[in-house]
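J.: dropping a prediction and its sequence here:
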Amino acid sequence: MIQSTQRSRYPNWFLLPTILIFGFLFVIPTLTSFYYSLTDWNINRRVISFIGMDNFRELFADVKFRSTLKNTLTYSFSVTLTRNFLGLFLAVLLNNARLKGRNLFRTVIFLPFVISPIVIGYLFTAIYNPAHGILNQALRTIGLGFLANDWLNDPSIALFSTIMTDVWRTTGFSMVIYIAGLQAIPHDLYESAEIDGANGFWKLTNVTLPLLAPSITINIVLALIGTMKVFVMILVLTNGGPGYATEVMNTYIMSMFSLGLYGMGTAANIILSLLIVIVGLPVLLLLKRREIEL
Amino acid sequence: MSNSRKTYSFFLYLLCIALSVIILVPFAMMLVNSFKDMRESALFMLTLPKTPILENYVNVLSKSYFWRGLRNSLIITSIATLLVNASAAMAAFVIQRKQGKLGNWLYFALFGGIIIPVSIIPTIQLMMQTGIHNTYLGIIIFYTAINLPFSVFLLTGFMKTVPREIDEAALIEGCSYPKMFLLLIIPLLKTPLVTSTIVTVTNVWNDFQAPFYLISDSKKWPIVISIYNFVSQYYTNWGTVFAFMTMAILPVLIVYAFLQKHIIAGLTSGAVKG
């Protein structure tokens, strides 16, 4: 029991800075958001009154909001899947010890992740420029001119273009997490598999992938959460357009805010939180179950 | 080396180089076009400028808001990072050692902070009511709040590897808890504190959303907002825009070039262990 009394002597006031700062600017706004989302709070109103679920009802009745939800999920799932496939492929490629200069390649591929997304966004508005952008230039040069497109202004392809931009920016991050996971796999597992006469594919499906499960979990969950919160990339590339073909939750919330519809904007924010929990949590639990402890 | 292996490694290199080109071409385009005049830069060609001009850079460097943006980013990022590290280390120390009710509740609440997005409109409202909207103090505390969860998790995880015997020996010597924390624990937390610094600095320096909503006074805008406003103003002159963006990311590129190993390890270690 000596140990437990000793434990209890650690001073709780050490927790105070975190409680105060996190409590003040994260917990309080999060809790009050539930109240605000049930009110008609807007820029023209001195007194705000309680209106129950009206904001939520109105949001779900709005065609634009429904397509915003769909766009957010499409964006999130597409970026998550693509960057994980590519990231895993690159990790296996650049984990090859015989490949000289692999560190340089890793550094280059990770580079976009440390640059502010707003800069990446502007670079890609230039790249996607229909008349002179280097994407269309390149396609025409290699004889694929028929694929050239007005990448950000064609409603059928604009969302795809924003997705590819984010994949370009974040694949390096997924890759590096997979490399860390690959390096944690004990080498003798591969050796004993080789002695048993296993081929490359068998090793991939029976050794690498199962033991990589923790990296897969964290990579997918982080990607899902991060991409559902996307904001500046869309703002800069398309500002939600053309029409509302690329409108996502955070640009929608911004437009509610600039219209002065504060209660409605807060309700949309709560729907975003729920969306992240509803999608993120089951994925996390499902993937966690499949993990093998080393 | 056998022939087939040689071809294999040849194609491997080819693939790696092709991938690197895909990453580097946008940056190359930005750089070469930043030395071109308005008409030539609007063609976005990867070719070198016919006659390289420095006018774009002169234009950018003469803008007081470019320098002010850098200075503001530096102030906001450095203070927020210090606050995150100090608060997170203190919290992690007691959460892990004490395993008391309060600490456990805090840990659970912080987990919510990792998943749930900030409610931006109520945050603005709260900051206006308390008079810290549109101030350095306000945005610094905001960044501290949203970056704390990750750092607390990282440091709490690492605290488990710091043996309790160190605390016990210090207590027998008559050392107080604050003194023990400052003199013995902090030096042992160096590795995760470097990671926490890298993660927080990257998050805060590159963030756009918070200053966009929380700072309306142009004198307090960080560099990302300067970029946004500069581009809205000069969007017809891509040469100048590219020069502005090149100068704005230069500090990041220099730090990345020198610390890339630590940065890559730091930004991902938390994720893997977390």
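T.: Happy to help now that I have it. Residues are numbered from 1 along each chain as shown, chains lettered A, B, ... in the order given.

J.: so what's B:Thr156 up against?
T.: B:Ala91, B:Ala92, B:Ile95, B:Gln96, B:Tyr107 (C-beta atoms under 8 Å, 6 or more residues apart in numbering or on different chains). Just so you know, the C-beta spots here come from the backbone N, C-alpha and C atoms, and that holds for glycine as well.

J.: let's go with 7 Å and repeat that
T.: Neighbour list for B:Thr156: B:Ala92, B:Ile95, B:Gln96 [criterion: C-beta atoms under 7 Å, 6 or more residues apart in numbering or on different chains].

J.: can I get those residues in TSV with distance to B:Ile76?
T.: Shown next, in TSV, are those (distance: C-beta to C-beta, whole Å):
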residue	distance to B:Ile76
B:Ala92	24
B:Ile95	27
B:Gln96	30
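
J.: closest to B:Trp205 among these?
T.: B:Ala92 (23.6 Å; C-beta to C-beta).

J.: does the closest one touch B:Val162 like I think?
T.: No - B:Ala92 is beyond contact range of B:Val162, at 10.2 Å (criterion: C-beta atoms under 7 Å).

J.: returning to what we had before: CSV please, covering the contacts of B:Thr156 and showing pLDDT, distance to A:Val279 and secondary structure.
T.: What follows is these, written out as CSV (pLDDT from 0 to 100; distance: C-beta to C-beta, whole Å; DSSP: H, G, I helix; E, B strand; the rest coil):
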residue, pLDDT, distance to A:Val279, secondary structure
B:Ala92, 94, 29, helix
B:Ile95, 93, 29, helix
B:Gln96, 91, 31, helix
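
J.: any chance of those residues in TSV, with neighbour count and distance to A:Arg45 too?
T.: Conversion of the contacts of B:Thr156 to TSV gives the following (neighbours: other C-beta atoms under 10 Å in any protein chain shown; distance: C-beta to C-beta, whole Å):
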residue	neighbour count	distance to A:Arg45
B:Ala92	29	44
B:Ile95	27	43
B:Gln96	20	48
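
J.: so where's the chain shaky on pLDDT?
T.: Defaulting to chain A. A:1-6, A:292-294 (pLDDT under 70).

J.: that's the wrong chain, I wanted chain B
T.: B:1-2, B:269-274.

J.: now with 50, please.
T.: B:273-274 (pLDDT under 50).

J.: show me the helices in it, by range?
T.: B:3-33, B:38-41, B:55-61, B:64-98, B:101-115, B:120-129, B:136-159, B:164-172, B:177-180, B:186-188, B:190-206, B:209-214, B:223-234, B:238-273 (DSSP state H).

J.: highest average neighbour count across the ones you listed?
T.: Mean neighbours per residue, mean count of other C-beta atoms under 10 Å in any protein chain shown, is largest over the helices of chain B for helix B:136-159, with a mean of 24.

J.: okay, that helix in PDB with CA atoms only?
T.: C-alpha atoms of helix B:136-159 as PDB (Å, rounded to 0.1, in the frame of the first residue of the first chain):
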ATOM      1  CA  TYR B 136      -2.200  37.000 -30.600                       C
ATOM      2  CA  LEU B 137      -3.100  35.700 -27.200                       C
ATOM      3  CA  GLY B 138      -6.400  34.200 -28.500                       C
ATOM      4  CA  ILE B 139      -5.000  32.400 -31.400                       C
ATOM      5  CA  ILE B 140      -2.000  31.100 -29.400                       C
ATOM      6  CA  ILE B 141      -4.300  29.700 -26.700                       C
ATOM      7  CA  PHE B 142      -6.500  28.200 -29.400                       C
ATOM      8  CA  TYR B 143      -3.500  26.400 -31.100                       C
ATOM      9  CA  THR B 144      -2.300  25.200 -27.700                       C
ATOM     10  CA  ALA B 145      -5.700  23.700 -27.000                       C
ATOM     11  CA  ILE B 146      -6.000  21.800 -30.200                       C
ATOM     12  CA  ASN B 147      -2.400  20.600 -30.300                       C
ATOM     13  CA  LEU B 148      -2.300  19.500 -26.700                       C
ATOM     14  CA  PRO B 149      -4.100  16.100 -27.100                       C
ATOM     15  CA  PHE B 150      -1.500  14.600 -29.400                       C
ATOM     16  CA  SER B 151       1.400  15.800 -27.300                       C
ATOM     17  CA  VAL B 152      -0.100  14.500 -24.100                       C
ATOM     18  CA  PHE B 153      -0.600  11.100 -25.600                       C
ATOM     19  CA  LEU B 154       2.900  11.000 -27.000                       C
ATOM     20  CA  LEU B 155       4.500  12.100 -23.700                       C
ATOM     21  CA  THR B 156       2.300   9.900 -21.500                       C
ATOM     22  CA  GLY B 157       3.300   6.900 -23.700                       C
ATOM     23  CA  PHE B 158       7.000   7.800 -23.300                       C
ATOM     24  CA  MET B 159       6.700   8.300 -19.500                       C
END
